[in-house]
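J.: turn this into a model:
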Amino acid sequence: MSADRLVLRVIMLGLRGFPDVQGGVEAHAEHLCPYLRELGCDVEVIVRSSYMPRERGDEWHGVRYLRLWSPKASGLETIVHSFLGVLVAAWQRPDVLHIQAIGPALMVPIARLLGLHVVVTHHGPDYEREKWGRLARMALHAGEAWGMRFSDGRIVISQTIRKLVRDKYGLNSDLIPNGITLPEVPRSTSVLQKFGLAPGRYVLMVGRLVPEKRHTELIQAFADARLDGWKLVLVGTSEHPDAYAAAVAARAQATDGVVMAGFQCGLALRELYAHAGIFVLPSSHEGLPIALMEALSFGLPVVASDIPAHLEIGLDDTHYFHLGDVSALADRLASFAHRPWPPELREKTRSWLAEREDWRSVAERTLGCYRRAIEPRRGGSHVLPPTAPSRAA
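T.: Numbering: from 1, shown residues only. I've put the predicted structure just below:
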């Protein structure tokens with residue numbers, strides 16, 4: 001960073017931590033923050049101490065951690081941590097407080113009253129998640145409304161969310177979708193050996209054990225499809241063990257060929273993606289699903305429910321099934337299992353995906369949103385790192 005340019009100080013709030021912490025928002029920040037650092041931002045992320053123990057260090061790729069306590073109760077964890085995080089940010093006085101997701105955005109009015117410049121990323125209408133009760137849904141609706149109305153900058157990750165913000169609040173937003181990085185495809189199979197899997201002969205799903213992911217429907221569809229010699233691998237855990245997680249575990253144990261692989265990351269997760277025969281995401285709610293995009297980045301044939309977030313990706317109709325239709329899902333599984341994708345089709349899928357926006361471009365456009373959030377209130381006197389021209393969304 002040259003001496004004639006000031007560093008933009010950013011504090012990010014609204015996630016558990018990263019790397020290798022389960023969650024879509026966590027994966028988003030894990031990809032985004034190092035690129036913001038490369039662009040000249042001094043990035044500090046307020047993380048939850050229970051997910052980021054001290055032995056993991058105080059920074060990663062130049063991005064610093066600020067650990068704060070939060071209760072482990074699912075209904076209190078986000079709101080308490082976000083409130084404490086806003087107080088810490090008010091003390092630290094960053095140029096921008098970037099709040100991730102509408103739950104933490106409930107604190108935007110407090111942050112603004114404390115004189116902070118606030119940017120909010122809307123990852124999806126979380127009040128539609130099946131796990132929340134009435135009070136939690138009310139809080140999430142309020143978080144969305146306050147986050148969109150009172151922030152200095154609004155980012156949305158999909159056209160569906162952009163339309164929601166425009167229709168509900170009459171507000172424009174910056175559409176900056178999740179980026180794409182084509183991974184190196186590993187040839188190793190150590191994790192497959194651990195779970196007794198054969199390359200190309202298993203169905204993969206990656207996602208937290210929460211009701212809107214519809215694991216039990218997938219297990220039933222897998223059983224109905226009767227895929228001889230195939231297994232179903234469920235990757236993911238529940239941060240707060242509950243009745244749904246117990247029901248998934250019980251259904252998996254009672255169904256032949258279902259493997260509960262738990263949380264996986266790093267090389268193990270890449271191996272599971274690389275050697276899968278089919279990837280499935282039967283969710284009833286998503287923002288812009290990073291797991292589905294990761295599966296496509298490995299060239300996998302994917303099957304997904306026909307919710308707007310999935311349809312926006314633009315796959316052929318043969319990849320979709322009607323949400324909740326277990327019979328249709330079973331038919332899709334059987335169809336793809338009986339027509340394995342050759343290497344050239346997998347490479348074609350990777351090439352198609354590579355045409356989308358990469359994470360560096362996402363970081364450049366996010367920095368542009370920071371600039372616009374700050375300049376009106378500072379009269380343009382704060383010199384920020386330049387941004388590249390925006391790519392059409």
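J.: all helices of the stretch 1-150 of the chain, in order?
T.: 24-38, 77-92, 108-113, 134-150 (DSSP state H, counting those that start in this stretch).
J.: so which of the ones you listed gets nearest residue 326?
T.: When the helices of the stretch 1-150 of the chain are compared by Cβ to Cβ, helix 24-38 sits nearest residue 326, at 24.7 Å. Where you see a C-beta, it was placed from the backbone N, CA and C, and this is true even at glycine.
J.: which residues touch that closest one?
T.: Under the criterion Cβ atoms under 8 Å, 6 or more residues apart in numbering, residues 10, 12, 14-19, 21, 43, 45, 60-63, 100-101, 121, 123, 157, 178-179, 181, 287, 289-291, 359-360, 362-364, 366-367 lie in contact with helix 24-38.
J.: show me where pLDDT drops low in the protein?
T.: 1-6, 376-393 (pLDDT under 70).
J.: what helices or strands is the top helix by length along it leaning on?
T.: Ranked by residue count and defined by DSSP state H, the top helix of the chain is helix 359-378. Counting contacts by 3 or more Cβ pairs under 8 Å, 6 or more residues apart in numbering; DSSP states H and E, helix 359-378 packs against strand 8-13, helix 24-38, strand 96-100, strand 118-122, strand 153-156, strand 174-175.
J.: would you reformat those as JSON lines and include mean neighbour count?
T.: Listed next are those as JSON lines, based on neighbours: other Cβ atoms under 10 Å:
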{"stretch": "strand 8-13", "mean neighbour count": "23"}
{"stretch": "helix 24-38", "mean neighbour count": "22"}
{"stretch": "strand 96-100", "mean neighbour count": "29"}
{"stretch": "strand 118-122", "mean neighbour count": "28"}
{"stretch": "strand 153-156", "mean neighbour count": "24"}
{"stretch": "strand 174-175", "mean neighbour count": "18"}
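J.: quick one, which of the ones you listed is nearest to residue 278?
T.: Of all those, helix 24-38 sits nearest to residue 278, with 21.0 Å by Cβ to Cβ.
J.: tell me what angle that closest one forms with helix 359-378.
T.: 80 degrees (axes from the mean of the first three to the mean of the last three Cα atoms, to 10 degrees).
J.: CA atoms only: put helix 24-38 into PDB for me.
T.: In PDB, the C-alpha atoms belonging to helix 24-38 read as follows (Å, rounded to 0.1, in the frame of the first residue of the first chain):
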ATOM      1  CA  GLY A  24     -23.200 -20.300   3.700                       C
ATOM      2  CA  VAL A  25     -22.500 -16.800   5.200                       C
ATOM      3  CA  GLU A  26     -19.200 -18.200   6.600                       C
ATOM      4  CA  ALA A  27     -18.200 -19.600   3.200                       C
ATOM      5  CA  HIS A  28     -19.100 -16.200   1.600                       C
ATOM      6  CA  ALA A  29     -16.900 -14.300   4.000                       C
ATOM      7  CA  GLU A  30     -14.100 -16.800   3.800                       C
ATOM      8  CA  HIS A  31     -13.800 -16.200   0.000                       C
ATOM      9  CA  LEU A  32     -14.500 -12.400   0.100                       C
ATOM     10  CA  CYS A  33     -12.300 -11.100   3.000                       C
ATOM     11  CA  PRO A  34      -8.800 -12.100   1.600                       C
ATOM     12  CA  TYR A  35      -9.600 -10.400  -1.700                       C
ATOM     13  CA  LEU A  36     -10.700  -7.300   0.200                       C
ATOM     14  CA  ARG A  37      -7.400  -7.400   2.000                       C
ATOM     15  CA  GLU A  38      -5.500  -7.600  -1.300                       C
END
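J.: follow-up on the earlier one: which one of the helices of the stretch 1-150 of the chain is the most hemmed in?
T.: helix 24-38 (a mean of 22; mean count of other Cβ atoms under 10 Å).
J.: out of the helices and strands packed on helix 359-378, nearest to residue 346?
T.: helix 24-38 (22.1 Å).
J.: next one: that closest one to chain centre, how far?
T.: 10 Å (Cα atoms, centre = their mean, to the nearest Å).
J.: same check, this time on stretch 235-255
T.: 21 Å.
J.: contacts for that stretch, please.
T.: Residues from elsewhere that reach stretch 235-255 (Cβ under 8 Å, 6+ apart): 22, 72-74, 131, 204-211, 213, 215-216, 219-220, 222-223, 232, 234, 258-264, 269, 272.
J.: mind checking which of those residues land in helices?
T.: 215-216, 219-220, 222-223, 269, 272.
J.: make CSV from these and add distance to residue 250 to it.
T.: Output for the ones in helices among the contacts of stretch 235-255, formatted as CSV (distance: Cβ to Cβ, whole Å):
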residue, distance to residue 250
215, 11
216, 9
219, 10
220, 13
222, 15
223, 14
269, 25
272, 23
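J.: are any of the contacts of helix 24-38 buried, and which?
T.: Among the contacts of helix 24-38, those scoring as buried are 10, 12, 14-19, 21, 43, 45, 60, 63, 100-101, 121, 123, 157, 178-179, 287, 289-291, 359-360, 362-364, 366-367 (criterion: 16 or more other Cβ atoms under 10 Å).
J.: which other helices and strands does the helix or strand hosting residue 350 contact?
T.: Assigned by DSSP states H and E, residue 350 falls within helix 343-354. The contact analysis (3+ Cβ pairs under 8 Å, 6+ apart) places helix 343-354 against helix 290-297.
J.: and the contacts of the helix it packs on?
T.: Counting by Cβ under 8 Å, 6+ apart, 24, 27-28, 178, 180-183, 204, 206-207, 273, 276, 279, 281, 286, 302, 304, 310, 313, 349-350, 353 sit against helix 290-297.
J.: returning to what we had before: and the helices of the stretch 1-150 of the chain: which comes nearest residue 327?
T.: Here helix 24-38 is closest among the helices of the stretch 1-150 of the chain (Cβ to Cβ), at 28.5 Å.
J.: please indicate which of the contacts of helix 290-297 are buried?
T.: 24, 27-28, 178, 180, 204, 206-207, 273, 276, 279, 281, 286, 302, 304, 310, 313, 349-350, 353.
J.: where's the closest residue to residue 121 other than its chain neighbours relative to residue 248, distance?
T.: The shortest distance from residue 121 to any non-neighbouring residue, by Cβ to Cβ, 6 or more residues apart in numbering, is to residue 155 (4.3 Å). For residue 155, the distance to residue 248 (Cβ to Cβ, to the nearest Å) stands at 33 Å.
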